[in-house]
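Student: Got a predicted structure plus its sequence, pasted below:
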Amino acid sequence: MGVVTCLTAQNTTGVSGVLPVEPSFIKQLDNVTSDVEVDTFKISMLGTSEIVRVVKQYLVEKRPKFVVLDPVMVSKRGGIDC
């Protein structure tokens, strides 16, 4: 299961654009986990401080057993920062 937090415009040579999802739409977290128990939660690209706060609130409330933090700061292929 996954929750999209940012859309990217990219190809094999780089990233040309990033569009963060509206933080209120990160309610996807509740939808995709409402009928399945989540043991592990992997965090990747979050994009904005508001999205970070929404994810933090979810983690504080739900307390998954494991959290893997794999932040995306800049594309390996070059491009724009979030």
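Tutor: Perfect, thanks for sending it. Residues are numbered from 1 along each chain as shown.
Student: Correct me if wrong: Leu69 contacts Ile43.
Tutor: Yes. In this structure, Leu69 is within contact of Ile43 by C-beta atoms under 8 Å, at 5.1 Å. Glycine gets a C-beta too; all of them are placed from N, C-alpha and C.
Student: Show the subsequent helix or strand relative to the helix or strand where Gly17 lies.
Tutor: Element membership of Gly17 [criterion: DSSP states H and E] is strand 14-20. Next helix or strand after strand 14-20 toward the C-terminus (DSSP H and E): helix 28-33.
Student: Check which helices and strands the strand holding Gly17 is in contact with.
Tutor: Where contact means 3 or more C-beta pairs under 8 Å, 6 or more residues apart in numbering; DSSP states H and E, strand 14-20 is packed against strand 6-11.
Student: pLDDT score for Pro64?
Tutor: Pro64 is assigned 90 on the pLDDT scale.
Student: Quick check: it touching Val38?
Tutor: Yes. At 5.1 Å, Pro64 counts as touching Val38 under the criterion of C-beta under 8 Å.
Student: Where does pLDDT dip in the protein?
Tutor: Low-confidence segments of the chain, defined by pLDDT under 70: 73-82.
Student: The residue nearest to Pro64 when sequence neighbours are not counted in helix, strand or coil?
Tutor: Closest residue to Pro64 apart from its sequence neighbours, by C-beta to C-beta, 6 or more residues apart in numbering: Phe41 at 4.3 Å. Three-state call for Phe41 (DSSP: H, G, I helix; E, B strand; the rest coil): strand.
Student: and Phe41, how far is that from Phe66?
Tutor: Noted for Phe41: a distance of 7 Å to Phe66, by C-beta to C-beta, to the nearest Å.
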